[in-house]
Structures are given as C-alpha cells and as structure tokens.
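In: Next one to model:
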Amino acid sequence: MTTFMTGTFTSTGAAPIILALEPGFDLFTMVNISDVGSTSAETQVMRAYYASQMPPDSAYRNLKTNGANTLALETSFIGNGFTAFDSSNPPVFAATAVTAITAASPASVSSVAHGLAVGDTVMFSGLNGTMTPMNGLKFTVNSITNANVFTITFDASAAAAGQIGNVPATAGFVTKVFGSQYSPHNVIIGPTATMSAAAGGGVTIVDPSNILLNMNTVPSFEQYPSQYTPFQRPYQVGAKLRLYMPATFGTTTNANFIMAQIVAINTQTGYAVANQLQLKILPGNPVGSITTAVGLAALVWPAGGAGFKRSYPFVTDIAEASAILSEAQDNCGFRGILIGTGVLGLGTGVATTVRTYQWFAFKGYTLTTPVAPGN
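Out: Sure thing, here's the model as predicted:
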C-alpha cells in the first residue's frame, strides 16, 4: 500500500468537505492535528478512516475521551461518514420516507432519520397531493431542523398558485443524490416564467423573429444552491439553444424543438428581469415549427397534481451548431471522496472551533484471487 496523496484542510464540522482524488483510492484516513494532547471537555473526532469498498456514508472513527488526552475505542457507523465519489458512477444512497412537506418557502420536510446535512442535494419521488410536480426534481438542503426534519427553498409564488403544490404532501420519499458531471445542465423553464414576442435591435417595436423568455425562476435538473435560483453559470450572448415545450404547458405546440440564438440577456427595455433571455429564431428548424414569435402563448404550468404530465419545458445547449461553446460542454467530473459531518469537528454536524486535519490517501494492487505462498 502506497501513500500517493496527502494534504490538510480546515473545517468547523458543520458542512461536508469534498476532496478530488483523481487516481482513486483504496484507503483514506485523516487525523485531527489541532487537538493533539488536548484535555478539552469536547469529544471531537481525532481519527477516522474509510476503505473504498465500504458502504456510502460509513466510517470508522475514534473520538477523544471527554476531558482527557486519550482516545475512546474505535467505532463504526453509517450516516454522514465517508463516501467514495466518482461522477461517472455516483454512489447510491437509501431513500427515507417523507411524512410531510409544508407548502411554503422554505419548505419544511419531515423524514425520520433522514441523515442529511446542509448542502446535500436530494431528489423527491412518490410525493402525493398537489406536490406531484416536485417528483424527480432535485433540491439543495438549506438547513437541518433536527434528525427528522430539514428545509429546502423553492419558488413561493409557484406554490401559492398551485403549480408546485399548495397543499402539504403527506407521503413520498427523499433520496440523497449527486449532481451531473457537466455544467450547466438542461435548464427547466420555471413555473413563473413567461414566453412572448420580443423587441429587436434595442427598440420597443416587436421583432417577429425574437422570443422573450423570462427565466427568472429557473430550476435546473442539477441546480445549486437552490432548485429555484437562476443559472449555475450564466449563458453567453451568441450561444444557441433548443427549446422543448410540452403542449400541456399552454404554449403553442410548434414552439417545441425549435432552435434559437441568444441575442440579449436582461437588456431589453421594459424587461428588467434577471436571467431573461431574448432569443432569435434560427432557420433550419423542423417542419411545422414557428417562424415568428407573434401570438406565442404564455407558459402555464398545470396546477398541482391534476393532469400533470411528467415532462417539463426546458432549454438545452446545442453547442455543435454554435461557434460559442458554452459551459454545457465543460466536463466537471472527478473522482474523490466526500467527508461527512460525522467525521468532522464534534461529529454531529454542529459548527464549532475551526480544526485542521491532515489526510492520507493510499492505493495498492488488487488481487482478484488470493495466491498461496510459494505459488
């Protein structure tokens, strides 16, 4: 076994740490170098380690004996431990049952022993009632109320209109997930977005070839830090996009699958909305596509779960047709390890004094079949 990488990091213990270890690893270990010899009454984590084939979120660790400079017996656990991370084959976490989600923003989610931490990305499934549209979407955990309750943030006006859910859910599941290795991702056109004809050339006269797409509340499939923030990375003027517009969202069917190019971002007179896109319809669209934006119907998200279709309006980059390669072609994938709050600080996910840890990553050869001595 060879130590191929080592380093240090600091943490208050309140949030997970992700380290990129591109070659992968077989064994990862870390030691608390801030509290060597300490007789503090805190029982902080002094040493922890993880083997690459262990379950996600698990760890072995030693806590400092309370009020002494000795270590308690080594223990193992699952929940906010270490997770080997490979974005091309992300780890799979177990789902926990959801018993309630409040119809507010931030929304309070009740899930017994959820095991989540602030900053975790989660996906919902099986939600009932008017919160059906949240199924399959990914959100970021904004706060931890207790071991059984956490909060997320989404568009409050959409909730009030019943587009994401104005009646609390009482059943479903939540699962911790990792995001895509590409950024930005396909971007959903949000519940409070609008779509109409736009002016062209910096004047107020409507240009029939221009679409004004107000994407102020835009949930991305892999959005951080909140499902309803605009773009993880802003688009560029000149980038080309394709629009996917399911008929159930009220806009003209012919708007589906058209190609358009960004000519302005949040600059059109009278439309001072963040991340608003002005798009010019491009030639060469499929037969039957719209050729002008005049009379284009506004987007209308279906209310609640009634008749909701599991298909969202969204835009995606078509960089192969553009001279500008946007960040959608940026491969952000990596191998590494996620260090959970159970092996940082007090091991409880509670912010405390900043501590420094030295870590070691080991890698060796793998023998698929044991070899007897002398053979």
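In: Just the buried residues of stretch 79-88, please?
Out: 79-85, 87 (16 or more other Cβ atoms under 10 Å). The way it works is simple: take the backbone N, C-alpha and C, and place the C-beta from them, glycine included.
In: So for that stretch, mean pLDDT?
Out: Mean pLDDT, stretch 79-88: 84.
In: Of the buried residues of stretch 79-88, which belong to strands?
Out: 82-85 (DSSP state E).
In: Low-confidence regions, the stretch 51-200 of the chain specifically.
Out: Residue ranges of the stretch 51-200 of the chain with pLDDT under 70: 154-166, 179-188, 190-194, 196-200.
In: Tell me where the chain has helices.
Out: 156-160 (DSSP state H).
In: domain ranges for it?
Out: Using automatic domain parsing, the domain ranges for the chain come out as 2-86+334-363, 96-178, 187-331.
In: returning to what we had before: return the member of the ones in strands among the buried residues of stretch 79-88 nearest to T151.
Out: T83 (22.5 Å; Cβ to Cβ).
In: is it true that that closest one touches P91?
Out: Yes. Using Cβ atoms under 8 Å, T83 makes contact with P91 at a distance of 5.4 Å.
In: joint contacts of those two?
Out: P56 (Cβ atoms under 8 Å, 6 or more residues apart in numbering).
In: how deep is N66 tucked in, by neighbour count?
Out: 12 (other Cβ atoms under 10 Å).
In: so what's it up against?
Out: 41-43.
In: Turn those into a markdown table, columns for distance to A298, neighbour count and pLDDT.
Out: Shown next, in a markdown table, are the contacts of N66 (distance: Cβ to Cβ, whole Å; neighbours: other Cβ atoms under 10 Å; pLDDT from 0 to 100):
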| residue | distance to A298 | neighbour count | pLDDT |
| --- | --- | --- | --- |
| A41 | 61 | 9 | 86 |
| E42 | 57 | 14 | 85 |
| T43 | 58 | 15 | 86 |
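In: Among those residues, which one sits closest to S143?
Out: Proximity of these to S143 (Cβ to Cβ) peaks at E42, which lies at 23.2 Å.
In: My guess is the closest one contacts A68. True?
Out: No. Between E42 and A68 there is no contact under Cβ under 8 Å: 11.4 Å.
In: Now do the contacts for H114.
Out: Counted by Cβ under 8 Å, 6+ apart, H114 has contacts 96, 147-150, 174.
In: Cross the residues you listed against strands and list the overlap.
Out: Residues of the contacts of H114 located in strands (DSSP E): 96, 149-150, 174.
In: Just name the closest of those to G37, please.
Out: F150 (36.8 Å).
In: and the gap between that closest one and F173?
Out: Distance, F150 to F173, by Cβ to Cβ, to the nearest Å: 14 Å.
In: what does F257 give?
Out: The separation that F257 has from F173, given Cβ to Cβ, amounts to 33 Å.
In: Show me which of these two is the more surrounded one.
Out: Per other Cβ under 10 Å, whichever of F257 and F173 has more neighbours is F173, with 17 against 14.
In: For the more buried one, give the beta-bridge partners.
Out: A97, S125 (DSSP bridges).
In: I'd assumed F93 was in contact with it.
Out: No. Here F173 lies out of contact with F93, judged by Cβ under 8 Å, at a distance of 11.4 Å.
In: show me the contacts for G37.
Out: N69.
In: pLDDT at it, what is it?
Out: 89.
In: Same check on the one 3 residues further on?
Out: S40 carries a pLDDT value of 86.
In: Is it in contact with G67, as I believe?
Out: Yes. Judged on Cβ under 8 Å, S40 makes contact with G67 at a distance of 7.5 Å.
In: count of neighbours near the closest residue to A94 other than its chain neighbours?
Out: Leaving aside its chain neighbours, A94 sits nearest to T175 (7.4 Å; criterion: Cβ to Cβ, 6 or more residues apart in numbering). Residue neighbour count, defined by other Cβ under 10 Å, stands at 15 for T175.
In: What's the separation between T175 and F314?
Out: 22 Å.
In: again with L282
Out: L282 sits 18 Å away from F314, going by Cβ to Cβ.
In: out of those two, which sits in the more crowded spot?
Out: Shown here are L282 and F314; by other Cβ under 10 Å, F314 has more neighbours (21 against 18).
In: That one against Y244, yeah?
Out: Yes. Applying Cβ under 8 Å as the test, F314 and Y244 come out as touching, 5.3 Å apart.
In: still on that earlier bit, could the ones in strands among the contacts of H114 go into CSV alongside distance to A72 and neighbour count?
Out: Output for the ones in strands among the contacts of H114, formatted as CSV (distance: Cβ to Cβ, whole Å; neighbours: other Cβ atoms under 10 Å):
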residue, distance to A72, neighbour count
T96, 29, 18
V149, 29, 16
F150, 29, 26
V174, 32, 26
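In: Tell me the one among these nearest to T352.
Out: Distances from T352 to the ones in strands among the contacts of H114, taken by Cβ to Cβ, are shortest for F150, at 20.3 Å.
In: quick one: that closest one and V109 touch, right?
Out: Yes. Counting by Cβ under 8 Å, F150 touches V109, with 5.5 Å between them.
In: Distance to N62 for the ones in strands among the buried residues of stretch 79-88 - can I get that in JSON lines?
Out: Shown next, in JSON lines, are those (distance: Cβ to Cβ, whole Å):
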{"residue": "F82", "distance to N62": "14"}
{"residue": "T83", "distance to N62": "20"}
{"residue": "A84", "distance to N62": "21"}
{"residue": "F85", "distance to N62": "24"}
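In: which one among those residues gets closest to V287?
Out: Using Cβ to Cβ, those come closest to V287 at F85, 44.9 Å.
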